[in-house]
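Student: A predicted structure for the sequence below; I have some questions about it.
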Amino acid sequence: MTKFHQVNAGDADFIRKSIEACVRIGLIALLVVWSFLIVRAFINPVLWGIIIAIGFYPLHQKLSSIMGNRVKLSAIFLTLFALSVLIVPMVLLTDSTINGIQIIKTGIENDTLRVPPPSDKVAGWPVIGKPIDSFWRLASENSEKAISQLMPYIKTYGKKVFSVGMGLGMALIQFIVSIFIAGLFLVNSESSAKAVHQLFRRVAGEEGDVFADLSGRTINSVVQGVLGVAVIQAVLAGGGMLVVGVPFAGLWALMVLFLAIVQLPPLLVLGPIVVYVFSVQATTPAVIFMIWSVFVSLSDAFLKPFLLGRGVEVPMLVILLGAIGGMIMSGVIGLFIGPVVLSISYKTLLAWIENDPNQLRESEVTRKQALN
């Protein structure tokens, strides 16, 4: 009987401790979910801030050294530079768009809007030449009738265009916030790096430092391979458009930059511009510009292997698959997160296959010795 009571007392104590543990786990889970819901709106800006800060960090180190180790001054300068690169073209674009709409509106109201007739070359364009020539001539002869033909399309797609514009506006605000966050990370770069290493050590143990360094190098490599290639393509495209006299070349170059970042071919912008150049320029410069545009659009095929995966002891194929798969799953930010996750998974799998827990640390030591 005493034994029976002892067993029951032990079971009761076990049940009490189990219930207490479940309550504690439930409260912790509630706290985690509640905290996530509160900060969810800031996750993307913070992630972008981290990515921008890592991308700017090598330049930040060089600039702060030139400025006499003034870390804060260097971070402020880079933050203002990034904001000017982002905001100034958007302000100019918005201003020119508003002015263009006002000019068109005034021209329609005063019946002074005149569209120049197309050249004879337009009708000779394959497939699209005759429809474009027909509508262009109608617009030059009777602008009101041409606008009335466009009204059904404007009503159908106007809301979608407005929605896309609102989305771009929100993305711009998000990037502005991310740049400020990146500036804060750069100001506190040493303490931020220390916190990241502590977090990785807490999760991965002794190999945490290796994974932290690998993550930073992978993000920096993707920044070079994605943003670097996009900037090169935009500069080459803008230079070609300036040479052949394309109006608003800076605006089109900015659109090429955006398309290259989201991994779409710049030929989506350059293609219609090539058609325009054929209508206003002689055949020889137009053909040269067409070849140049195709070269710019395909240049990422040989630039990415050179820049992507540079300085990282992970096969370029792993980083490339991570970038493409990450973008498919999570959008543009997946371009940077995907390679990091896949690189860490690759290194972990490699160490497990070789059944050597010290393999990661030894490979990192070998890499640093080779650099020195």
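Tutor: Structure's in. What do you need?
Student: Which stretches in this protein count as helices?
Tutor: Ranges of helices within the chain are 2-66, 71-110, 129-141, 143-187, 189-204, 208-222, 229-244, 249-261, 267-280, 283-298, 300-307, 316-330, 334-353, 359-371, based on DSSP state H.
Student: between the first one and helix 189-204, how big is the angle?
Tutor: Orientation check (axes from the mean of the first three to the mean of the last three Cα atoms, to 10 degrees): helix 2-66 against helix 189-204 gives 150 degrees.
Student: same for helix 2-66, what does it pack against?
Tutor: If contacts are counted by 3 or more Cβ pairs under 8 Å, 6 or more residues apart in numbering; DSSP states H and E, helix 2-66 sits against helix 71-110, helix 143-187, helix 189-204, helix 208-222. Just so you know, the C-beta spots here come from the backbone N, C-alpha and C atoms, and that holds for glycine as well.
Student: how does it look with 6 Å?
Tutor: With contacts taken as 3 or more Cβ pairs under 6 Å, 6 or more residues apart in numbering; DSSP states H and E, helix 2-66 sits against helix 71-110, helix 143-187, helix 208-222.
Student: residues in contact with the spatially most central residue of the chain?
Tutor: The centre of the chain sits closest to V332, judged by Cα atoms, centre = their mean, with a distance of 4.8 Å. Applying Cβ atoms under 6 Å, 6 or more residues apart in numbering to V332 gives the contacts V262.
Student: Recalculate using a threshold of 7 Å.
Tutor: Counting by Cβ atoms under 7 Å, 6 or more residues apart in numbering, V332 touches I261, V262.
Student: Relative to A323, how far out is it?
Tutor: According to Cβ to Cβ, to the nearest Å, V332 stands 10 Å off from A323.
Student: before we move on, back to that, may I have the phi/psi pair for the residue nearest to the centre of the chain?
Tutor: The phi/psi pair for V332 (degrees, to the nearest 10) reads phi -60, psi -40.
Student: Next, work out how far apart it and P131 are.
Tutor: To P131, V332 is 35 Å away according to Cβ to Cβ.
Student: quick revisit: looking at the helices and strands packed on helix 2-66, which is nearest to I50?
Tutor: Closest to I50 of those is helix 143-187 (Cβ to Cβ; 6.6 Å).
Student: Show me what the closest one is packed against.
Tutor: Judged by 3 or more Cβ pairs under 7 Å, 6 or more residues apart in numbering; DSSP states H and E, helix 143-187 is in contact with helix 2-66, helix 71-110, helix 129-141.
Student: deepest of the ones you listed, which one?
Tutor: Of all the helices and strands packed on helix 143-187, helix 129-141 has the most neighbours on average by mean count of other Cβ atoms under 10 Å, namely a mean of 15.
Student: re earlier: nearest to F248, out of the helices and strands packed on helix 2-66?
Tutor: The nearest among the helices and strands packed on helix 2-66, by Cβ to Cβ, is helix 71-110 at 7.4 Å.
Student: about what we covered before: same list (the helices and strands packed on helix 143-187) but as TSV, adding distance to I147 and mean pLDDT.
Tutor: Listed next are the helices and strands packed on helix 143-187 as TSV, based on distance: least, Cβ to Cβ, whole Å; pLDDT from 0 to 100:
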stretch	distance to I147	mean pLDDT
helix 2-66	40	82
helix 71-110	8	75
helix 129-141	8	74
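Student: can I get those helices in CSV with distance to F162?
Tutor: Compiled in CSV, those are given as follows (distance: least, Cβ to Cβ, whole Å):
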stretch, distance to F162
helix 2-66, 23
helix 71-110, 13
helix 129-141, 24
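Student: wait, which of those helices is closest to S163?
Tutor: Closest approach to S163 among these is made by helix 71-110 (16.7 Å; Cβ to Cβ).
Student: Of all the helices and strands packed on helix 2-66, which one comes closest to P117?
Tutor: Of all the helices and strands packed on helix 2-66, helix 143-187 comes closest under Cβ to Cβ, at 12.1 Å.
Student: P118: which of the helices of the chain is closest?
Tutor: Of all the helices of the chain, helix 129-141 sits nearest to P118, with 4.2 Å by Cβ to Cβ.
Student: tell me the angle that closest one makes with helix 267-280.
Tutor: For helix 129-141 against helix 267-280, the angle by the same axes, to 10 degrees is 70 degrees.
Student: Report all helices and strands that helix 129-141 contacts.
Tutor: Packing partners of helix 129-141 (3+ Cβ pairs under 7 Å, 6+ apart): helix 143-187.
Student: quick check: mean pLDDT across the helix it packs on?
Tutor: Averaging pLDDT along helix 143-187 yields 76.
Student: How far does it sit from its chain's centre?
Tutor: The chain centre lies 16 Å from the centre of helix 143-187; the measure is Cα atoms, centre = their mean, to the nearest Å.
Student: Stretch 16-26 now?
Tutor: That offset, for stretch 16-26, works out to 44 Å (Cα atoms, centre = their mean).
Student: picking up where we left off before, would you turn the helices and strands packed on helix 2-66 into JSON lines with distance to M327?
Tutor: Formatted as JSON lines, the helices and strands packed on helix 2-66 follow (distance: least, Cβ to Cβ, whole Å):
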{"stretch": "helix 71-110", "distance to M327": "21"}
{"stretch": "helix 143-187", "distance to M327": "15"}
{"stretch": "helix 208-222", "distance to M327": "11"}
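Student: Which segments of this protein make up each domain?
Tutor: Following automatic domain parsing, one finds the domains of the chain at 42-187, 190-362.
Student: All set, thanks.
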